[in-house]
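*Asks:* Predicted model, plus sequence, below.
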Amino acid sequence: MIKENLEKIKQNLPPEVKLVAVSKTKPNELLMEAYEAGQRIFGENRVPELTQKHEDLPKDIEWHMIGHLQRNKVKYIAPFVSLIHGVDSFRLLKEINKEAKKNNRIQNVLLQFHIAQESTKFGFDLTEAKEMIQSEDFQELENINYLGVMGMATFTENQDQVRKEFKSLKGIFDQLKTDFFSDHADFKEISMGMSGDYKIAIEEGSTMVRVGSSIFGSRN
């Protein structure tokens, strides 16, 4: 089933859109089925599970941390994580930079923006992010590479609302690209869209979709 699910989803994805297979709570056997079907990017939202799976599974997997990341957990994933999606504060950014330096790595990150109606979601607002980017402290973070932005739409049946929220994230990306990252070729990713709304996200400019249940079945 997993192979068929992956093939079906990939048929809907333009070639420039990356698929992050969200494997949280799923056993290694299911990840290996996806791996054997050619999937190499996996997303986890809990640090202990991510570190364990990284240890157990093939070393050419690209691991993405997609959940809310606490500062005291950064050190556990700093040696290997490919991309951290949920950078939602300057304090977290400083911690990531510190641990990346220790591991002699440049850490790829996305800045997370709060685009949903729900207060439970994390993320910057645009004013806050602009102030941070213009600060001297921000310029001193030498072990971080900014790849773009990430956001989560409201969990709702209202597709117009979801579309509006994705549009707003694309607008934020465009502003940041123009104002601060125009010379930075790597700043090109917009991580938005999950199993229920990734098709809308792609229409609104997503370059990276985070899909779990449509690949692996409903959550354990």
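*Replies:* Great, that's in hand. Residues are numbered from 1 along each chain as shown.

*Asks:* count of residues packed around the closest residue to Gly205 other than its chain neighbours?
*Replies:* Spatial nearest neighbour of Gly205, excluding adjacent residues (Cβ to Cβ, 6 or more residues apart in numbering): Lys170 at 4.2 Å. For every residue, glycine as well, the C-beta is placed using N, CA and C. Per other Cβ atoms under 10 Å, the neighbour tally for Lys170 reads 18.

*Asks:* OK, contacts around Lys170?
*Replies:* Applying Cβ atoms under 8 Å, 6 or more residues apart in numbering to Lys170 gives the contacts Ile190, Glu204, Gly205.

*Asks:* In ChimeraX, select just the buried ones from these.
*Replies:* Burial among these is assessed by 16 or more other Cβ atoms under 10 Å; the matching ChimeraX selection reads:
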select :190,204,205
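
*Asks:* can you redo the contacts of Lys170 as a markdown table with pLDDT?
*Replies:* Formatted as a markdown table, the contacts of Lys170 follow (pLDDT from 0 to 100):
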| residue | pLDDT |
| --- | --- |
| Ile190 | 98 |
| Glu204 | 98 |
| Gly205 | 98 |
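
*Asks:* Sitting in strands, which of the contacts of Lys170 do you find?
*Replies:* Judged by DSSP state E, these include Ile190 as members of strands.

*Asks:* What backbone torsions are found at the residue nearest to Gly205?
*Replies:* According to degrees, to the nearest 10, the main-chain angles of Lys170 amount to phi -60, psi -40.

*Asks:* try Val209
*Replies:* Given degrees, to the nearest 10, the pair of backbone angles that Val209 has is phi -110, psi 140.

*Asks:* partners of it in the sheet?
*Replies:* Leu19 (DSSP bridges).

*Asks:* Tell me the confidence at the residue in the chain sticking out farthest from the centre?
*Replies:* In terms of distance from the mean C-alpha position of the chain, Glu136 ranks first, at 25.9 Å (Cα atoms, centre = their mean). If you check Glu136, the pLDDT there is 96.

*Asks:* Strands along this structure, start to end?
*Replies:* 18-22, 41-44, 62-65, 83-87, 107-113, 144-151, 189-191, 208-211.

*Asks:* May I have the phi/psi pair for the closest residue in space to Val211 that isn't next to it in sequence?
*Replies:* With sequence-adjacent residues excluded and distances taken as Cβ to Cβ, 6+ apart, Val211 is closest to Ser195, at 5.2 Å. When read as degrees, to the nearest 10, the backbone of Ser195 gives phi -50, psi -40.

*Asks:* Could you measure from Ser195 over to Phe122?
*Replies:* Distance from Ser195 to Phe122, counting by Cβ to Cβ, to the nearest Å: 20 Å.

*Asks:* Just want the most central residue of the chain.
*Replies:* Using Cα atoms, centre = their mean, the most central residue of the chain is His85, at 3.2 Å.

*Asks:* Tell me if I'm right that that residue and Ile190 touch.
*Replies:* No - with contacts counted by Cβ atoms under 8 Å, His85 stays clear of Ile190, the gap being 11.1 Å.
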